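Trainee: next input, structure requested:
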Amino acid sequence: MTLWCDIAKISGEVENGRTVSQIFMHGLTELGELAQEVIISEGRSYKDPGADGVAGEAMDLILCLTDLILVRTPDIDEVRIAEIWFSSEVDRTEGNLPESLFTAALKESRKPEAGTDDLMMAMTSKFGEVAQALAEDVAGDTDGLDLISAPALDAILDCLEIIRIEVPGVDEAGLCSMAAPKLVKWRDTAFQEASPSRT
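Mentor: Model (predicted):
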């Protein structure tokens, strides 16, 4: 299994009628929580670190934004995304294509000189692009992802860079382990909310 598959499995099980706009709004709260943890980690807040820390909050945002892509563009698969975003023309010609989006992204830093603050600014910019596309209801296509999903993926990859900084040497198995309890909690919470209350 891959992290994408793990998220897709739970995303498919949670049938609560959520819209892309609602997922995006939830993502804004996750972005705020990540920003808060970054500020705390840099010693610029009187608050104590949360249980999840910077890496855990970055994972929360990865889960949220991946769900947004899955709901927005359900027919795209991770191998196709990895092929588009991480394969050279030579790789495509020779058939040396990545099997997993997150493993492909972990192989080489996209922004090796970027610090956490730089990544937060880049991510916030991508949130702005998603918001603008949602407001305009843009349905165009960019490299197999529409103009809402493409910047969301870019923000996911910035989150992944933050996790790389916080957890040096992390691999996809490590990402899956980090995500597993969060995915169970998401699914269980959604099912509890959907169940009729007892009197």
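Trainee: next, count neighbours for Leu174.
Mentor: No, residue 174 isn't Leu; it's Gly. 15 (other Cβ atoms under 10 Å). From N, CA and C alone the C-beta is placed, and that goes for glycine too.
Trainee: just Leu106 next, same as before
Mentor: 19.
Trainee: cool, Phe86 as well?
Mentor: Phe86 has 19 nearby residues by other Cβ under 10 Å.
Trainee: residue contacts, it?
Mentor: Neighbour list for Phe86: Pro98, Leu101, Ala104, Ala105, Lys107 [criterion: Cβ atoms under 8 Å, 6 or more residues apart in numbering].
Trainee: equivalent analysis for Asp60, please.
Mentor: Glu30, Glu33, Leu34, Asp52, Lys182.
Trainee: which of the residues you listed fall in helices?
Mentor: Counting by DSSP state H, the contacts of Asp60 place Glu30, Glu33, Leu34, Lys182 in helices.
Trainee: how about the contacts made by the last one?
Mentor: When the contact criterion is Cβ under 8 Å, 6+ apart, the partners of Lys182 are Gly56, Met59, Asp60, Leu63.
Trainee: let's see which of those end up in strands.
Mentor: Among these, none falls in strands (DSSP state E).
Trainee: for the contacts of Phe86, which one is nearest Pro168?
Mentor: Pro168 has its nearest neighbour among those in Lys107, at 14.6 Å by Cβ to Cβ.
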